[in-house]
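> what follows is a protein structure lacking sequence information:
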């Protein structure tokens, strides 16, 4: 027979066990967020996300302040000025895992991410990653409001809601000031404004952030009647539209001089008056879309922004949103 303990000892041990168990932290249940992405896929995301691969939306990493959770980056993130400046402040390295169109699946699997953030250009790659048991969301904001919603989603899955709320607040403050200044301009005629893409004949159409920015800064986009994100059109059609101002996507492989010095464009008002501008190589899928809007507005209605110092505004914005100082990067 085993040794028998007095009842008093048994009760004392039981009391200690109860007290010790009560002192231990209760396990935190993992929450799950169900999100429908731009491809219409319902994705269940356990939160908080601990390891993520950013193939797109990487300018949001310093906004979220989640460098310690970044398991991999798309190749273009490494030449992004915001990402490079922010990443230089952390220790360790982050592996490259390909691009949005040509993902290195083996590299992605190797870093064991909880979540992959990519875009919609290659649905077949998204499905392939999904088939490997990886959790993927594919996004492509076509408006500033959609950008806000993606930012809020990432704020929730990384549990950085307050940081995202502050970034959105700074965006909206700047956009509100632009609207207020532009509203004081004469209601008509509004300047005809084009946003050109990867080619001089690719125009931003109705379903694009480029079109929204044109409207926001007080312009009229002749291509808004086209119910697409962007499209190629004949140069003759652009000439018939006769835009007063032309903005060129920052990642295009041509610049303002290509348009200004072209004999094909010489009859266009924007060329006649030297109002062709190359935007910075900044993503519009970032809070910096507000600074893009400001720069465009200053070129569209300079008299409404007289005395405003862009660098000072940008520096304040950078510090509050990204935790960085602005050094004038990216403008042509």
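Now that the structure is in, tell me what you want to look at. Just so it is clear, the model here is predicted, and its values are computed rather than measured.
> from now on I want contacts and neighbour counts done on CA atoms only, so please keep to that.
Fine.
> residue 69 contacts residue 48, correct?
No: with contacts counted by CA atoms under 8 Å, residue 69 stays clear of residue 48, the gap being 10.3 Å.
> domain parsing for the chain?
31-143, 168-321 (automatic domain parsing).
> tabulate the ones you listed in a markdown table, adding columns for mean pLDDT, mean neighbour count and distance to residue 327.
Shown next, in a markdown table, are those (pLDDT from 0 to 100; neighbours: other CA atoms under 10 Å; distance: least, CA to CA, whole Å):
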| stretch | mean pLDDT | mean neighbour count | distance to residue 327 |
| --- | --- | --- | --- |
| domain 31-143 | 92 | 17 | 10 |
| domain 168-321 | 96 | 18 | 8 |
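> who are the packing partners of the host helix or strand of residue 176?
Using DSSP states H and E, residue 176 sits in helix 161-182. Applying 3 or more CA pairs under 8 Å, 6 or more residues apart in numbering; DSSP states H and E, one finds that helix 161-182 makes contact with helix 60-64, helix 144-157, helix 289-300, helix 310-321.
> how far is the first one from where the chain is centred?
I take that to be helix 60-64. 10 Å (CA atoms, centre = their mean, to the nearest Å).
> same check on the second one?
Using CA atoms, centre = their mean, we find the averaged C-alpha position of helix 144-157 to lie 9 Å away from the chain's own average C-alpha position.
> quick one: contacts for residue 217?
By CA atoms under 8 Å, 6 or more residues apart in numbering, the contact set of residue 217 is 178, 179, 182, 293, 294, 296, 297, 300.
> may I see those residues organised as JSON lines, with distance to residue 284 added?
As requested, the contacts of residue 217 are arranged in JSON lines below (distance: CA to CA, whole Å):
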{"residue": "178", "distance to residue 284": "17"}
{"residue": "179", "distance to residue 284": "18"}
{"residue": "182", "distance to residue 284": "21"}
{"residue": "293", "distance to residue 284": "10"}
{"residue": "294", "distance to residue 284": "13"}
{"residue": "296", "distance to residue 284": "13"}
{"residue": "297", "distance to residue 284": "15"}
{"residue": "300", "distance to residue 284": "19"}
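> right, and out of those residues, which lies closest to residue 277?
Using CA to CA, residue 296 comes nearest to residue 277 of the contacts of residue 217, at 8.8 Å.
> gap between the closest one and residue 318?
Separation of residue 296 from residue 318 (CA to CA, to the nearest Å): 18 Å.
> try residue 303
As for residue 303, its distance to residue 318 is 25 Å (criterion: CA to CA).
> could I get the phi/psi values of residue 191?
Dihedral pair for residue 191: phi -70, psi 140, per degrees, to the nearest 10.
> show me what contacts it?
Neighbours of residue 191 in contact, by CA under 8 Å, 6+ apart: 218, 219, 220, 243, 244, 245, 300.
> if I look at the first one, how far off is residue 132?
Using CA to CA, one gets 47 Å for the distance from residue 218 to residue 132.
> ok so, going back, need the domains of the chain in CSV (columns: distance to residue 154).
Formatted as CSV, the domains of the chain follow (distance: least, CA to CA, whole Å):
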stretch, distance to residue 154
domain 31-143, 8
domain 168-321, 12
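> to residue 161, which of these lies closest?
Of all the domains of the chain, domain 31-143 sits nearest to residue 161, with 8.4 Å by CA to CA.
> what segments of the chain are helices?
For the chain, the helices defined by DSSP state H cover 7-23, 60-64, 81-87, 105-111, 123-131, 144-157, 161-182, 209-216, 235-241, 256-260, 269-272, 289-300, 310-321.
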